[in-house]
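> Turn this into a model:
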Amino acid sequence: MIFQRRLLASAVFVALCCDRATTLQVPDAWVAGFNDGSFAFSLSHGESLTMAGPPVGNTGPYIRDQALPSIGNGMIGTQVNSDAMYIAGLFNSDVCPNASCTTPSPHRAYIPSAMKIQIVGAEAVGSGVDFARGAVHRLWVLPRHPTVSIQERLFAHRQLLPIGVVEFVVENTAPNAKEVELSFNDSYPGLGLSPDLQDISVPSPRPPVNAKLEGAIVRTPGSKLSPISAVYVCRDIVPATVTIRPGDTKVFRFFTALMATNDTAESPQAETGASGEKACAALVNARTDNANGVLVQRHEQAWEDLWEAGPQVRGNPSLARTINATIWGILSSLDSRVDYSTGPGGLSTNGYNAHVFWDMDTWVFPSLNLFWPSFADAHLRFRARGTAGALEKARHLGYRGLLYPWEATPAGYATTYGWAELFEHHIAGDVALAHWNRFRATGNLSLLESEVADVLEGVADFWVSRATKVNESSYRILAAIGPDEWHCKNDTAYTVGVAVQSLRAAITAFALLQRTPKPAWSAVASGLDVPLVAQPGTAKAPVHQAYSGYAGEAIMQSGVADLGYPLMWPMNASQRAADLGYYWNKVSGFIAGMVWPAIAIGYNEVNDTANAALFFAWSYSTLQQPYLVYSEEPGGAGCPNFITAAGGVLQAVWAGWGGVRLRDDSLDLVYPTPPPGSTQLVLKKLAYQQWLLDVTIEVTSVRVVAVAGADTAGGLIVNCNDKVTHVQPTGGLVDCTHPTLLRIMVKP
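Prediction:
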């Protein structure tokens, strides 16, 4: 019924918009995708397709429309109709990135969009996002030529990462069709109009026929900013006009190849020949695939491969659309071949200047770790590049070890030394636990020894230097900011919790590697605590203290809720419930995707599904219609395309309703059940140790199927309600009825 009402409204919209009586034929693929949750679209959306706000001064476009769909593949990204495109890792720092800025800050360099090509006189009558196939679609009509219909598709190629594609399918097949001449409007202005870039001359090789090659370098590059500093664009020349004869259906595809390199201002042409050649080679590859009829197939197959993994909801198309949009927002910003990570606004926007925060390590990374592990590894490669920056920051502030920047550049250095860099130090533990959880997920001792242990050691050393000794058995962390950024206090719960857990991880890791942990690690870990205190103003059960002196005032986020998850601070169910019941109405909730998921997960953990359902729905309350794009705050305010919220909501699905907990020696499912209104929650290709598992969760049962696994001596062991089953490497399965705890273990 909802879809039928939308269709009726669309017919009225077309009649009014185009001054003619007609009925819009919605493509069958849109309807099918909408009904199975893989497609979101709108037919009365004119305002949603217009980028609001002109460029401000020399800062590039000021994007106000939070609801615009994104296009990206992990290397290149943009929003529909945006004047800007971005390349992962290409940063500049000599201009302000927005109108309110007074001090320039490093930010992702603004590249004029090469994907704004329009047919003159066409009017948009529909637009949608195909999550399954990785593309944005638009329907156009020509009021002066009513026999012509136009479908547009835009995508960043998932296999050919440098390539952006704009496609038009023009039909002139009506019985009374006449010959029509169409004009294209290519609004790409060239690299020289970006405030972040300056043109450089491009020597041979010449571009391919009907293509143009140009290059530019960022105005203020630097070794602490990014390893790359220049961009080359090899792009199809768009024809001015084309003729569509009666009965014709023509397909026009225009390609843009963007290639970033490490040219410098001192020698801007040092790699220009090779870089320009690579850009144009990518363009030729796209043309060749197109001529061979495999261009779209390769792109869609790459997306299909990604959708083979991840949480899937069945029996609830509306929630399935929400979850698919959530996954799309994350995956379109990342790729396993690109190790620059991304900021809270993903790759399609410059939200928060595209700096990398704890958002990636704590909110986005956990889903990558279990379902898209190659993407998780790419993020850890980014953090490895940032070791020098973490050492520098710790020394700058008078500490030892590794203190990762709160806002990191692609090279891994701090972008500023404002209040967050000075006090929001839980980032060190967030990075450490991301590394530790990567080891937990893989069980790979070589990884532990070569990559993880050094990070854990450096962060543990930092916490030892950061903690203040009270007496022989007690330590405190003074003057710190936790997720509640409204307060800088002593003994903030989350900061203490993440410090203790990362110290314990370092101790465990060293024991596994048969190394001797430093005695100070154990002393500080055992000397730090999050105390239980009486609930201010009540006689109810005590709760964990948010920070020293907390008296019930409003807080931005609840570090205490985050103690239980993701930190998995040891406590019983009644204590967990008391913490949740007290703190949920102390938080602001305006950053819904970072507040409510942890509380929803907590209520799932104590088997309170009614409250879990309430807070789960609140978690995605900032999802903007009609294309299901997250904003940071309600009403579309704050950071656009806020993939941090996507990360939080996705964890609320698999860690909340799925109950998944990654522990030192097991993978647990605690009170697993489908989300409200759903018949099944399926965790596809959950990657644990050397196994891939399909976990199907229904109201009364759970089935675990080994899709692939290592033929180890001990094999996979599944313990369901104290019944132990050994599973074969491939094809083995376990059925578990009414599980309260399902534990999966691998024995070597």
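
> ranges for the strands of the stretch 201-350 of the chain?
For the stretch 201-350 of the chain, the strands defined by DSSP state E, counting those that start in this stretch cover 211-218, 230-236, 241-244, 248-261, 310-314.

> Which of these sits closest to residue 387?
Taking C-beta to C-beta as the criterion, strand 248-261 is the member of the strands of the stretch 201-350 of the chain that comes nearest to residue 387, at 22.5 Å. C-betas here are computed from N, CA, C, even on glycine.

> What is the distance between the closest one and the centre of its chain?
26 Å (C-alpha atoms, centre = their mean, to the nearest Å).

> what angle separates it from strand 230-236?
Angle of strand 248-261 versus strand 230-236, following axes from the mean of the first three to the mean of the last three C-alpha atoms, to 10 degrees, is 160 degrees.

> so where's this structure uncertain?
1-24, 44-66, 95-104, 202-205, 263-273, 711-714, 748 (pLDDT under 70).

> show me what contacts the residue most central in space within it?
Ranked by distance to the mean C-alpha position of the chain (C-alpha atoms, centre = their mean), the top residue is residue 330 at 2.9 Å. By C-beta atoms under 8 Å, 6 or more residues apart in numbering, the contact list for residue 330 reads 346, 364, 367, 368, 643, 646, 647, 650.

> quick one, phi/psi of the fourth one?
Per-residue torsions, residue 368: phi -60, psi -40 (degrees, to the nearest 10).

> tell me the contacts of the residue nearest to it when sequence neighbours are not counted?
Spatial nearest neighbour of residue 368, excluding adjacent residues (C-beta to C-beta, 6 or more residues apart in numbering): residue 376 at 3.9 Å. Residue 376 is in contact with 365, 368, 369, 438, 441, counting by C-beta under 8 Å, 6+ apart.

> correct me, but the second one touches residue 336?
What it means is residue 368. No: assessed by C-beta atoms under 8 Å, residue 368 is found out of contact with residue 336, at 9.6 Å.

> what sits up against stretch 567-583?
By C-beta under 8 Å, 6+ apart, stretch 567-583 touches 433, 494, 497-498, 500-501, 530, 532, 535, 540-544, 546, 555, 558, 560-561, 563-564, 599, 602-603, 605-608, 611, 661, 663.

> Quick check on those: which are buried?
Neighbour-count burial (16 or more other C-beta atoms under 10 Å) applied to the contacts of stretch 567-583 gives 433, 494, 497-498, 500-501, 530, 535, 543-544, 546, 555, 558, 560-561, 563-564, 599, 602-603, 605-606, 608, 611, 661.

> What segments of the stretch 401-550 of the chain are helices?
419-423, 426-442, 445-447, 453-466, 493-512, 519-527 (DSSP state H, counting those that start in this stretch).

> Of the ones you listed, which is nearest residue 260?
Of all the helices of the stretch 401-550 of the chain, it is helix 426-442 that lies closest to residue 260, at 25.1 Å by C-beta to C-beta.

> Pull out the buried positions in that closest one.
Buried residues in helix 426-442, counted by 16+ other C-beta under 10 Å: 426-442.

> same for it, what does it pack against?
Helix 426-442 sits against helix 358, helix 365-371, helix 373-385, helix 453-466, helix 493-512, strand 660-662, with contacts defined as 3 or more C-beta pairs under 8 Å, 6 or more residues apart in numbering; DSSP states H and E.

> quick one: which of the ones you listed is nearest residue 169?
Per C-beta to C-beta, nearest to residue 169 of those: helix 373-385, 32.1 Å.

> Hmm, residue 113 is touching residue 77, no?
No: Residue 113 is not in contact with residue 77 according to C-beta under 8 Å; the separation is 10.5 Å.

> Mind checking which of the two has more residues around it?
Comparing residue 113 with residue 77 by other C-beta atoms under 10 Å, the one with more neighbours is residue 77, at 28 against 24.
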